[in-house]
Structure formats: structure tokens, C-alpha cells
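In: give me a model of this one.
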Amino acid sequence: MTDYRRTLAGRRQRWFGLKPLVKTGLSARPLHPLLRLAARLVPGIRAGRLPAPAGLAEVAGTAAGARFVLVDPGRCEIAKEFYWGGGRRPDPADALALDIVTALARRAAVLLDVGAYTGVFTVAAAAANPGLRAHAFEMVPAVVAGLHKNVDRNGIADRVRVHSTGVGASGTRMRVPSGEGGSSLPSFYSAHMEFAEGFEVEFLALDDLLPPELPEVEAEQRADAPGQVVMKIDVEGAEDPVLAHGQELLARHRPDILCEVLHGQADGRALEALLAPHGYRWYLVRADDIAARERIVPDPVHRDWLFSARTPAALEADLGRIIA
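Out: Numbering: from 1, shown residues only. Below is the predicted model of the structure:
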């Protein structure tokens, strides 16, 4: 077994050991006025990738009118983005993706946040809908701890169940590093990777969440009705087994799904085969709109897609005139 962290891709992810040193230097508070100026004036600098100032405990965020808080921007990549974006995700397509899930959650009963990281979709959706219940799935122990911190800080622990598991074939097991140390909490681990050591994590199938976990949601969702279940999937190219082992859930609830579909990793044809039997349409999430597509073809620029079995008119009733 070749541990992913020792591969060229894994070593490059950590800048061959230099990343913690660079981040520590750039997080010094006296440098941040200069960093803000550089982010505005120097082409190619993405402000959301720069470190937050040392000692900053939390940041406030908004999505689709909902307000929430994210803790630990020094280690959480998403909280850091909200610091640089002034309370919004700096990339317009990322901001729109979060707005979409948050808006869809306003009339939903349940959110399934698969690959939750530290929980920005969970806390934003719960802030938008006080009656929403959420299941958040994350398999890296240190990231799970960050997820719990955000759930507790936003006062939604009674409505959120955190699952320290992967999602896919029930009973599958893999080892994952703790996620401690390093310059930030890892956001790129997936079920495709192998690690020589770490914590053993068991996987759960989406279909395992059917009663008793989803008892009150009406079955056989109509195509013109508000979605009772909303789902977000961000699993770094491992979305096929997530959906393959959730076919009963898809058939029964037909959730609206925001799914990351990575160029060079995702299999669009396989996703179509898993979704088409349930009447799904697919839309590429861009900076200002979502574009209907005949096929799921991973895009080199935009990562997120919206999958929905509802009519375009029903979607726009929740999202506004957003379909290109």
C-alpha cells in the first residue's frame, strides 16, 4: 500500500513541507493590511486561499439571507474564505451553491450533508429553517471535532446528527488520518485514497437512513412540490458509490442534490445512470445562474451541479429566476 500522503500529489498538497511555515508567516496580524491590498491589486492572487489573521476565533457568514457563525478560521478552510469574503464565499459560484442549498432548505424537512467538512451547509440551512433536521457525515476525526464546534456554536445540536462515517456501501471500512497537525483541516481526503495508518472508519449507506431516520418525510415526492429532502454531496470524486447505495432513498424521496463533480475525476455517464431512473434533470452551477445540460460532463471551471427531479418552474419557485 502506498500512503497517499507520501505520493507526489500528497506531498504537493503540503507544498513539500513548506506550507505550515508559509502560513504561519502570512497569518501575522501586521501583514494583513498588505495582504488585503495585494489581493485587490495583484492579478492571480485568490484572497480566499490566504490565511486568516492569527488568533481570530470566528467569522460571521450569510447565505440566502440566513446568518450563522464559523469557528477557527485559522484551521478551517471554509471559515477562512468567509473572513476574506467579508461574510460570503469569495468565489461567486461557491457562494451561489451555498445560497441554493440554503434556499432549498427553507421548506425542507431534512438535510443530508455528505462530506460535511466543518459544516457550513449544515449551519446555513439550519439557520434558514428552524424546523429543519440535518444529518452531517464526515470521516476525518479532527474535522468531525470542528463540525461539532460549529454545530454547538450555532445552537443547533438538538437538530443535527453528526455521523463520524463515510457514505457508500454499508460496512465498508478504511483508514483515515486523524487530521490533526498540518496547517489546516484536510478537505481533500476521499474513499479513493489509501493510508497506511490512522483511524478505522466504517461506511454507511444512504438507504440505511430510511425509517426510522426519515420517518416524517412524505414518500413519492411530486415533481411540482417543494423538496422535503435536500442533499449536498462533496466527496472528492467518490459520489458514484454514495448514490449507488442510496437508490431506495432516491426513489422514495427524490431529494434535490447539490453535488461536486470534479473535472478529471467524476464519471458523468455513471452519475446519469444512477439518477435518470428517478426522473432527475441536471444543472451546472455557474457564477450567476444554473445552466440546464443534456449530459453530465465535468466542467473544467465550475465544480458544482444541481440534480433535481422537480420541474424547472417548481425549482424557480424556491430559487427565483435562476435557470439559464
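In: and Pro92, how many residues sit next to it?
Out: Residues lying near Pro92 (other CB atoms under 10 Å) number 12. Bear in mind the C-beta positions are built from the backbone N, C-alpha and C, glycine included.
In: ditto for the one 4 residues further on
Out: For Leu96, the neighbour count with other CB under 10 Å is 23.
In: in which helix or strand does it reside?
Out: helix 92-105 (DSSP states H and E).
In: give the buried residues for that helix.
Out: Using 16 or more other CB atoms under 10 Å as the test for burial, helix 92-105 gives 93-105.
In: next structured bit after it?
Out: Next along the chain after helix 92-105, taking DSSP H and E as the criterion, comes strand 110-114.
In: okay, the angle between the helix or strand that that following strand is followed by and helix 92-105?
Out: Once strand 110-114 ends, the next helix or strand along the chain (criterion: DSSP H and E) is helix 120-128. With axes from the mean of the first three to the mean of the last three CA atoms, to 10 degrees as the basis, helix 120-128 and helix 92-105 are set at 40 degrees to each other.
In: show residues contacting helix 120-128.
Out: 61, 63-70, 78, 98, 101-103, 105-106, 108, 111, 113, 116, 132, 134, 136, 147, 150-151, 154, 156, 159-160, 230, 232, 258 (CB atoms under 8 Å, 6 or more residues apart in numbering).
In: change it to 6 Å
Out: Helix 120-128 is contacted by residues 63, 66, 68, 78, 101-102, 105-106, 111, 113, 116, 132, 134, 136, 150, 154, 156, 159-160, 232 when judged by CB atoms under 6 Å, 6 or more residues apart in numbering.
In: how long is stretch 270-290 end to end?
Out: With CA to CA, to the nearest Å applied, stretch 270-290 spans 21 Å between its terminal residues.
In: other residues contacting that stretch?
Out: 92-93, 96-97, 240, 243-244, 250-251, 254, 291-293, 296, 299, 302, 304-309, 322-324.
In: now intersect those residues with the strands, please.
Out: Counted as lying in strands by DSSP state E, out of these, are 291-293, 304-308.
In: give me the number of residues near Pro312?
Out: The number of residues near Pro312, taken as other CB under 10 Å, comes to 15.
In: next: Ser308.
Out: Neighbours of Ser308 (other CB under 10 Å): 25.
In: over to Leu56?
Out: Leu56: 18 surrounding residues under other CB under 10 Å.
In: so what's it closest to, chain neighbours aside?
Out: Pro73 (5.3 Å; CB to CB, 6 or more residues apart in numbering).
In: same check on Ala142?
Out: Gly179 is the one closest to Ala142 (CB to CB, 6+ apart), at 3.3 Å.
In: just the pLDDT for the residue nearest to Ala105 when sequence neighbours are not counted.
Out: In space, and not counting its chain neighbours, Ala105 is closest to Ala125: 3.6 Å by CB to CB, 6+ apart. On pLDDT, Ala125 comes in at 98.
In: now Ala125: how far from Ala109?
Out: Going from Ala125 to Ala109 by CB to CB, to the nearest Å gives 11 Å.
In: quick one, which of those two is more surrounded?
Out: Using other CB under 10 Å, the more surrounded residue of Ala125 and Ala109 is Ala125, with 31 against 19.
In: which secondary element of the protein has the worst mean pLDDT?
Out: When each helix and strand of the chain is scored by mean pLDDT, DSSP states H and E, helix 19-26 comes last, with a mean of 56.
In: any idea how far Ala86 lies from Arg175?
Out: For the record, residue 86 is Gly, not Ala. From Gly86 to Arg175 the distance is 39 Å (CB to CB).
In: count of residues packed around Ala324?
Out: Neighbour count for Ala324, taken as other CB under 10 Å: 11.
In: quick one: stretch 171-191 to chain centroid distance?
Out: Computed by CA atoms, centre = their mean, to the nearest Å, the chain-centroid distance of stretch 171-191 equals 15 Å.
In: may I have it as CSV, with CA atoms only?
Out: What follows is stretch 171-191, C-alpha atoms only, in CSV (Å, rounded to 0.1, in the frame of the first residue of the first chain):
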residue,chain,number,x,y,z
GLY,A,171,-20.0,-2.0,6.2
THR,A,172,-17.0,-0.8,4.1
ARG,A,173,-14.1,0.2,6.2
MET,A,174,-11.0,2.3,5.5
ARG,A,175,-8.2,4.0,7.5
VAL,A,176,-8.1,7.8,7.6
PRO,A,177,-5.5,10.1,9.2
SER,A,178,-6.7,12.0,12.3
GLY,A,179,-6.4,15.3,10.5
GLU,A,180,-4.5,16.8,13.5
GLY,A,181,-1.4,18.9,12.8
GLY,A,182,-0.7,20.4,9.5
SER,A,183,-1.6,24.0,8.5
SER,A,184,-5.3,23.4,8.1
LEU,A,185,-8.0,20.7,8.5
PRO,A,186,-7.9,18.5,5.4
SER,A,187,-10.7,18.9,2.9
PHE,A,188,-9.5,16.6,0.2
TYR,A,189,-9.4,13.1,1.6
SER,A,190,-11.7,10.6,-0.2
ALA,A,191,-12.7,7.0,-0.2
